[in-house]
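Chemist: Provided below for reference: sequence and predicted model.
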Amino acid sequence: MKPSAYIGRFAPSPTGPLHFGSLVCALASYLDARHHQGQWLVRIEDIDPPREIPGSTATILKQLESHGLLWDGDLLYQSQRSDAYNAALAQLRNDGLTYSCDCNRQRVVELGGIYDGHCRQRQVGSESATRLRLPENGRDAIMAFNDLIMGDYQQNLCTEVGDIVVKRRDGLFSYQLAVAVDDHFQNISHIIRGADLLSSTPRQLYVQRCLGASADQVAAIQYGHLPLAVNAEGQKLSKQNHAPALVPGDESNNLWLALDWLQQAPPIELRREDKQYILNWAIANWSMASIPKTAEIPAPGAE
Ligand code: GLU
Ligand code: ZN
């Protein structure tokens with residue numbers, strides 16, 4: 001057993017303060033790492049300026065610290081990783097795996113979101129996205145993995161997704177590219193995150209493969225997708241639907257509610273303890289198997 005082999009991460013986008021749903025993701029990834037004597041890294045996914053709210057990164061880091069969720073090593077900022085993403089794009093282009101696509105959003109929506117490879121053989125203009133070619137439909141297009149929480153999951157990238165955008169039409173690197181590059185670069189072994197990203201995982205595995213990761217390396221990454229915390233209307237908590245911010249000064253209570261939501265069965269007396277005591281209890285008693293294998297669970301107060 002090499003305990004140091006576990007490297008987990010929490011990768012927030014600075015689009016607003018943490019709410020209950022993002023706290024649950026931070027906490028679960030932290031507890032799983034600490035329970036396995038692993039490292040826990042924090043990566044700031046600040047590569048989409050139009051969606052970002054100034055000051056969110058500082059707020060998120062303060063919220064993590066105030067809940068006792070202290071990360072290992074240096075923060076990695078995606079905004080400082082352009083050289084790595086450009087190198088990855090150059091590699092994919094040199095391998096003949098990418099092409100330019102100037103289809104507009106409307107066209108892709110009309111296709112039901114599954115891109116049809118229209119631009120593979122076209123000469124397109126300057127304002128274009130870069131897409132990664134998928135293999136011909138067949139066994140190579142099927143990406144399968146066993147999720148630690150949701151169980152077996154697979155996708156046929158050809159019929160369910162289409163050629164993957166690696167650089168956006170607006171010139172920004174795509175989330176799928178940046179995450180694949182960084183998870184590989186940081187040697188991430190365990191990715192515990194929200195179930196809204198379950199259907200992105202096959203794309204990320206495929207991008208890693210195209211960038212040179214072996215089938216064994218890719219198969220060794222463990223994914224665990226947590227149920228989503230939803231509001232009374234059944235919507236994922238988000239800034240757009242006014243998810244309440246975490247109340248400062250309420251850290252113990254927030255942690256207890258998150259543990260209860262994750263069905264870790266925290267004793268009621270724990271609720272009055274300080275955050276470090278609660279975290280120590282939770283690390284020792286962490287049980288991934290207790291997390292319900294369901295897509296959504298109402299957040300506290302939303303039932
Ligand atoms: N930055 C993404 C988000 O906040 C999460 C990325 C990931 O965990 O892979 O939704
Ligand atoms: Zn196109």
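Modeler: That came through fine. Source: prediction; values computed, not measured. Ligands and ions are numbered 1, 2, ... in the order given.
Chemist: ok, for the spatially most central residue of the chain, nearest residue in space, not its chain neighbours?
Modeler: Nearest to the mean C-alpha position of the chain, by Cα atoms, centre = their mean, lies residue 193 at 5.3 Å. Distances taken as Cβ to Cβ, 6 or more residues apart in numbering put residue 25 closest to residue 193, at 5.6 Å, once the chain neighbours are dropped. Backbone N, C-alpha and C define where each C-beta goes, glycine included.
Chemist: helix, strand or coil for the one you found?
Modeler: Assigned with DSSP: H, G, I helix; E, B strand; the rest coil, residue 25 falls in the helix class.
Chemist: that one contacts residue 8, doesn't it?
Modeler: No. Using Cβ atoms under 8 Å, residue 25 makes no contact with residue 8, being 11.2 Å away.
Chemist: look at the residue lying farthest from the centre of the chain and report its pLDDT.
Modeler: Seen from the C-alpha centroid of the chain, the residue lying at the greatest distance (Cα atoms, centre = their mean) is residue 123, 33.8 Å away. Note for residue 123: predicted pLDDT of 82.
Chemist: and it, how far from residue 96?
Modeler: In this view, residue 123 and residue 96 are 16 Å apart by Cβ to Cβ, to the nearest Å.
Chemist: in the stretch 151-300 of the chain, what residue lies closest to ligand 2?
Modeler: Closest contact between the stretch 151-300 of the chain and ligand 2, by Cβ to the ion, is at residue 163 (8.5 Å).
Chemist: quick one: low-confidence parts of the protein?
Modeler: For the chain, applying pLDDT under 70 flags the ranges 1-4, 303.
Chemist: residue 31 against residue 283, yeah?
Modeler: Yes. Under the criterion of Cβ under 8 Å, residue 31 makes contact with residue 283 at 5.8 Å.
Chemist: okay, the two: which has more neighbours?
Modeler: Neighbour totals were compared for residue 31 and residue 283, and residue 31 leads with 26 against 16 (other Cβ atoms under 10 Å).
Chemist: contact partners for whichever residue of the stretch 51-200 of the chain sits closest to ligand 1?
Modeler: In the stretch 51-200 of the chain, the residue that lies nearest ligand 1 is residue 193 (3.8 Å; Cβ to the nearest ligand atom). Going by Cβ atoms under 8 Å, 6 or more residues apart in numbering, residue 193 touches 11, 25, 29, 224, 225, 226.
Chemist: again with residue 135
Modeler: 141, 158.
Chemist: kindly recompute the last result at 7 Å.
Modeler: residue 141 (Cβ atoms under 7 Å, 6 or more residues apart in numbering).
Chemist: now do the SS call for it.
Modeler: coil.
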